[in-house]
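*Asks:* here are the coordinates; sequence isn't available:
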Ligand code: NHR
Ligand code: GAR
């Protein structure tokens, strides 16, 4: 009998900017480190580097420009249409900067991940690096989490922790954190497509075991 091999997971990545996280995930797929393919990169901004990078990688792109819609509901409805054309198994937010409506989040519940540049639950929302510096934190970092209706409040999957140095400014801290983003996001996507992480009643599980609130921790 012919053995059936499952198709690679279909991944749609949403970006608003440079797309460096999208690129490292695409490269991990190309090397078969992740058993998946990015089937589309969709941006809410028309002229960003993330779209350029996707084109150079031979990945389909689309733009759903939020400024062209009078309400968040209408923007989200059009974004759903653009995403569903690609019948994704996983939606990856990678520097995506528009808050999504509850309807949108519910539709992709348990199959949408975000990377947020802080050690969640600390510093939800924007301007995370400056807030960590202003607070005098000795550690900063980044979290991959399931997206829920609670902004930056869905269950954590993995965190990377970096030191804050005495002479750090926003730029030096951001770049130290981003180096770790490029390590943990491909790992989280790999685990997801292998069926190792899941969301059940709002909690994240790894190989069937509940994860701690922080998610798995990677310390530098
Ligand atoms: N949507 C939901 N419902 N839940 C989450 O957890 C989400 C989300 C949409 C995006 C990413 C998030 C981050 O990692 C994210 C998580 C943008 C804003 C924001 O305030 C907040 C959090 C995140 C992304 N956006 C402004 C808005 O009015 C616009 C800011 C801009 O365009 O620069 O949507 O931090
Ligand atoms: C990343 O640092 C990500 O953590 C952050 O935006 C950057 C996107 O970089 N996300 C947010 O601030 C979400 N509010 P990229 O476009 O090069 O992947």
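*Replies:* Sure, I can see it. Values in this document were obtained by computation on a predicted structure and should not be read as measured data. Ligands and ions are numbered 1, 2, ... in the order given.
*Asks:* would you list every one of the helices in the protein?
*Replies:* 20-30, 49-56, 72-84, 102-107, 128-134, 170-193 (DSSP state H).
*Asks:* ok, which of those comes nearest residue 5?
*Replies:* The closest of those to residue 5 is helix 170-193. By CB to CB, the value is 13.7 Å. No exception for glycine: its C-beta is placed from N, CA and C like everyone else's.
*Asks:* partners of the lowest-mean-pLDDT helix or strand in the chain in the sheet?
*Replies:* Every helix and strand of the chain was ranked by mean pLDDT, DSSP states H and E. The lowest is strand 216-219, at a mean of 88. Strand 216-219 has its sheet partners listed here by DSSP bridges as strand 156-163 (parallel).
*Asks:* hmm, who's touching the partner strand?
*Replies:* With CB atoms under 8 Å, 6 or more residues apart in numbering as the test, strand 156-163 has contacts from 113, 119-120, 138-146, 173, 176-177, 180-181, 183-184, 187-188, 191, 197, 204, 206, 211, 213-220.
*Asks:* can you check stretch 24-43 too?
*Replies:* 8-16, 19, 22, 50-51, 53-54, 57, 59-64, 79, 82-83, 85-90, 92, 94, 182, 185-186, 189-190, 193-194.
*Asks:* what about ligand 2: which of those touch it?
*Replies:* Restricting the contacts of stretch 24-43 to those touching ligand 2 (CB under 6 Å from any ligand atom) yields 15, 19, 50, 94.
*Asks:* and the first one, what is it in contact with?
*Replies:* If a contact means CB under 8 Å, 6+ apart, then residue 15 has 22, 41, 42, 43, 48, 50, 51, 94, 95, 96 as its contacts.
*Asks:* identify those among those residues that sit within strands.
*Replies:* 41, 42, 43 (DSSP state E).
*Asks:* out of the residues you listed, which is nearest to residue 109?
*Replies:* residue 42 (18.9 Å).
*Asks:* could you give the bridge partners of that closest one?
*Replies:* Applying DSSP bridges to residue 42, the residues it is bridged with are residue 14, residue 62.
*Asks:* tell me which parts of the chain are close to ligand 1?
*Replies:* 93, 96-100, 105, 114, 116, 125-126, 147, 149, 151-152, 154.
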